[in-house]
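Chemist: Fold the following, please.
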Amino acid sequence: MSPSPRPPFRFRLRSSLALWGAVLALAGCDGQPAQSLAVPDAGSCVQGNCPQPDSGTPPVPDGPHVRIAAYNVHRLFDTVCATGSCGGSNYEELPTEAEFAAQVDQLGRAITALNADIVMLEEVETQASLDGLLSRVPQFMYSRLGETYSAASVDVAVLSRFPITEVRSHQSQYIYRPDGSATRFSRDLLEVHLDVDGAHVIVFAAHFRSKVNDDPGRRVAEAYASRSILLESVKEFPSALVVMGGDLNDVPGSEAINALDEVLLRVARDRPESDTWSYVYSGRGQAIDHLYLAPGGGGTYVPGSFRVARDGDGYGGSDHRAVYADFALTTPP
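Modeler: Residues are numbered from 1 along each chain as shown. You can find the predicted model right below:
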């Protein structure tokens, strides 16, 4: 039984500065300047006054750091027909063994070229799909699929060079559109905890509602729910680096992205707009693949390190580009 609708909600403070102070208070700190809690330039970037470095080689971080990427691999279906209606004009594709091998070969090379430590993926159908990809990227010894258990689902996943210590699913919880109606995440918001050489890192792999047969209120619901979940994670694990990434199917300035920008740091904000688009629609580049940092004590974004990996009209055979950034880790005591 679905829950009763509830009134729409909004969470806004008078200024970004006050908002970050409230967020830090939720994270268990007093909001005073100190140690590793403040993201470099976070206040100015949240207000939109971000530096605009050139598009050269990403800066090399000092000290311990981790590179985190998000990549929509575009319909990585396995070779089994789960729906009974595959190929042709049907939604579920049915690649041959040779076609599947060629796809994971190309994706594997693209993922390896990112030189990332953690990669959040979108549009992976099954564990068999993920296993095929993993065979091409042996550097990632740890992985998890956020399976939604419906036929021909395209789900999220996480690949990691570092051990996974805990996994949480948020697929079953109710979330609420602006009109108060209840829904759920389109795909799992997959929460994966990792031990990165003694540092606690938490990533949330996300894939918000697409604009096919659009339901924009669901994306807004996903955005508000995601930011609440991330802030709760910061509160529960104040010494962790908390990052969300994925194909959010909306651009800066939209209601969904604005909701996230109010309380989280979209790390692409210190890059020129011409360098942040990740998808082409009607001949125009759009920034719909994003990385967000939650305010906490586990580390900071390395300014200027956000990049989009492109290869012609896509990347690695996908119609999406991969996005990645570096994060400096707080050294464990």
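
Chemist: So which residues of the stretch 51-200 of the chain form helices?
Modeler: In the stretch 51-200 of the chain, helices defined by DSSP state H, counting those that start in this stretch lie at 97-113, 127-134, listed in chain order.

Chemist: and among those, the most buried is which?
Modeler: helix 127-134 (a mean of 20; mean count of other CB atoms under 10 Å). C-betas here are computed from N, CA, C, even on glycine.

Chemist: now the angle from that one to helix 97-113?
Modeler: Angle between the axes of helix 127-134 and helix 97-113 is 60 degrees (criterion: axes from the mean of the first three to the mean of the last three CA atoms, to 10 degrees).

Chemist: shift numbering so it begins at 387
Modeler: From this message on, residue numbering opens at 387, which makes the last subject helix 513-520.

Chemist: In terms of secondary structure, what does helix 513-520 contact?
Modeler: For helix 513-520, the packing partners by 3 or more CB pairs under 8 Å, 6 or more residues apart in numbering; DSSP states H and E come out as strand 451-462, helix 483-499, strand 504-510, strand 528-532.

Chemist: between these, which one is nearest to Ala538?
Modeler: strand 451-462 (9.7 Å; CB to CB).

Chemist: Dump the helices of the stretch 437-586 of the chain to a markdown table, plus distance to Gly632 and mean pLDDT.
Modeler: Converted to a markdown table, the helices of the stretch 437-586 of the chain look like this (distance: least, CB to CB, whole Å; pLDDT from 0 to 100):
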| stretch | distance to Gly632 | mean pLDDT |
| --- | --- | --- |
| helix 483-499 | 15 | 98 |
| helix 513-520 | 16 | 98 |
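
Chemist: what about the residue nearest to Arg605 when sequence neighbours are not counted, neighbour count?
Modeler: Closest residue to Arg605 in three dimensions, ignoring its sequence neighbours and counting by CB to CB, 6 or more residues apart in numbering: Ala642, at 4.3 Å. Close neighbours of Ala642, defined as other CB atoms under 10 Å, add up to 23.

Chemist: what sits up against the one helix or strand Ala642 maps to?
Modeler: In this structure, Ala642 is located in helix 641-647 according to DSSP states H and E. For helix 641-647, contacts defined as CB atoms under 8 Å, 6 or more residues apart in numbering pick out 432, 564, 594, 602, 605-606, 608-610, 612-613, 634, 636-638, 652, 655, 676, 678.

Chemist: Surely His451 touches Thr686?
Modeler: No - applying CB atoms under 8 Å, one finds His451 not in contact with Thr686, separated by 9.6 Å.

Chemist: Pick out whichever of those two has more residues nearby.
Modeler: Comparing His451 with Thr686 by other CB under 10 Å, the one with more neighbours is Thr686, at 24 against 18.

Chemist: for the protein, where's the lowest mean pLDDT among helices and strands?
Modeler: The weakest-scoring helix or strand in the chain, judged by mean pLDDT, DSSP states H and E, is helix 428-432 (a mean of 34).

Chemist: Give the buried residues for the helix holding Ala642.
Modeler: 642-643, 645-647 (16 or more other CB atoms under 10 Å).

Chemist: Adding distance to Glu509 and pLDDT, write those residues out as JSON lines.
Modeler: What follows is the buried residues of helix 641-647, written out as JSON lines (distance: CB to CB, whole Å; pLDDT from 0 to 100):
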{"residue": "Ala642", "distance to Glu509": "19", "pLDDT": "98"}
{"residue": "Ile643", "distance to Glu509": "20", "pLDDT": "98"}
{"residue": "Ala645", "distance to Glu509": "24", "pLDDT": "98"}
{"residue": "Leu646", "distance to Glu509": "21", "pLDDT": "98"}
{"residue": "Asp647", "distance to Glu509": "25", "pLDDT": "98"}
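
Chemist: Looking at the residues you listed, spot the one nearest Gly669.
Modeler: Ile643 (21.6 Å).

Chemist: For that closest one, give its distance to Phe594.
Modeler: Separation of Ile643 from Phe594 (CB to CB, to the nearest Å) stands at 10 Å.

Chemist: which residues are in contact with both of these two?
Modeler: 609, 634, 636.

Chemist: which among those residues gets closest to Gly473?
Modeler: Nearest to Gly473 among those, with distances taken as CB to CB, is Leu634, at 29.6 Å.

Chemist: State whether Ser612 is indeed within a helix.
Modeler: Yes - judged by DSSP: H, G, I helix; E, B strand; the rest coil, Ser612 forms part of a helix.
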